[in-house]
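Undergrad: Provide a 3D model corresponding to the input given below.
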Amino acid sequence: MATHILILIHGITPEAAPASHSGLYDKFWRALQEAQPALPAVIRHVAGVEWGNRLGPGATRPDERLSDAERRASELERTERVHARPGPNNVVHPGPFGDWNLIPGLRKLTHILREQLVQFGLADAVYYASQDGEIAVRNAVYGQVLRALRPHRKDDQVHLHVVGHSLGVTVAHDFLYGLFGKPGEPDFLGQAASQEDRDDYALWRDRAGSRLHLGSFTSMASQLPLFALRKQSLVDRLAAGGVLNAQDIGVVIDGQTQWLIVYDVDDPLGFATRELYGNANEVRQVQVDVGDTPLNAHLDYWTDAVVIRETARLIATRAGAAIAE
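TA: Okay, here's the model as predicted:
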């Protein structure tokens, strides 16, 4: 009997003091079960991943200091703080009326985008794009996924059902590509913080396609069109008019949806992604309306009824569960 494991990976956190995602993950899993009541009978384990924020006293992993560093940078350079300390080396806009903006509400929106979504959110993506940040985030995320897989080393067939949001989509994609893409030796084998994680990743990579399978992949607020440009080989492929190959992350060409991509056009940090991988029937893309403000449109996928319904049906279908209409 196949073992089906659900992995949940959050994305960027635009909050100044991000909390644990455990409550959000629990609510999402309950909503999936309500949409497809047969899921608990087939999903053996649900693993919610945490990265990028310090949830307890101290910070033992490098990535856990990320939210503290972002908060400190924001405190130092926030517009209100800068304007409260004018001087010869800190010149605010001159004139009796300052810098007026003739478009009502535009400056407030700009402040929200810059000082929340960019300062606390996009900064996470910048961190992952760096060599140090990539290693730190991968050790945090890959390590937690590998620990969830550890009890199933002896299982005959293991199917991963991965739900990623925002930057979590990219990290999940990288995890799967290293397993299924067979791109020579994956970077993580040289990045892993522990020998156990290194050995486990090599073990599952050897089993990819035979005893380890991608059950399903749900991508919310994907940033893959941006992160595809990190590698020169992908830049060259796209520049030559090519596309990427979904089979490199474990998608099986069987005519049935295996990868679900959902996006909101009001989300400034989430992108339609299907066309980046050509026109495969196995990749389904759905435009959703999860919020009307930039923050809500990026964050509220986890609670959106359409996202929940589509994700639950995909997992149930790929796991061989009875489908509730």
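
Undergrad: in this structure, which residue is closest to the centre?
TA: The residue lying closest to the centre of the chain (CA atoms, centre = their mean) is Gly168, at 1.3 Å.

Undergrad: OK, contacts around the nearest residue to that one once chain neighbours are set aside?
TA: Nearest residue to Gly168 in three dimensions, chain neighbours excluded: Ile9, at 3.6 Å (CB to CB, 6 or more residues apart in numbering). Just so you know, the C-beta spots here come from the backbone N, C-alpha and C atoms, and that holds for glycine as well. Neighbour list for Ile9: Val49, Trp51, Val141, Val162, Val163, Gly164, His165, Gly168, Val169, Val171, Ala172 [criterion: CB atoms under 8 Å, 6 or more residues apart in numbering].

Undergrad: dump these to TSV, plus pLDDT, distance to Ala35 and secondary structure.
TA: Converted to TSV, the contacts of Ile9 look like this (pLDDT from 0 to 100; distance: CB to CB, whole Å; DSSP: H, G, I helix; E, B strand; the rest coil):
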residue	pLDDT	distance to Ala35	secondary structure
Val49	97	22	strand
Trp51	91	27	coil
Val141	97	26	helix
Val162	98	18	strand
Val163	98	13	strand
Gly164	98	19	strand
His165	97	18	strand
Gly168	96	21	helix
Val169	98	21	helix
Val171	97	26	helix
Ala172	98	21	helix
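
Undergrad: separate out the buried members of these.
TA: Val49, Trp51, Val141, Val162, Val163, Gly164, His165, Gly168, Val169, Val171, Ala172 (16 or more other CB atoms under 10 Å).

Undergrad: rebuild these as a markdown table, extending it with distance to Asp187.
TA: Formatted as a markdown table, these follow (distance: CB to CB, whole Å):
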| residue | distance to Asp187 |
| --- | --- |
| Val49 | 19 |
| Trp51 | 17 |
| Val141 | 14 |
| Val162 | 19 |
| Val163 | 23 |
| Gly164 | 19 |
| His165 | 23 |
| Gly168 | 18 |
| Val169 | 18 |
| Val171 | 13 |
| Ala172 | 15 |
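
Undergrad: so which of those comes closest to Asp292?
TA: His165 (18.5 Å; CB to CB).

Undergrad: my guess is that closest one contacts Thr13. True?
TA: No - counting by CB atoms under 8 Å, His165 sits too far from Thr13 to count as a contact (10.4 Å).

Undergrad: number of nearby residues for Arg205?
TA: Neighbours of Arg205 under the rule other CB atoms under 10 Å: 19.

Undergrad: residues contacting it?
TA: Gly178, Leu179, Pro186.
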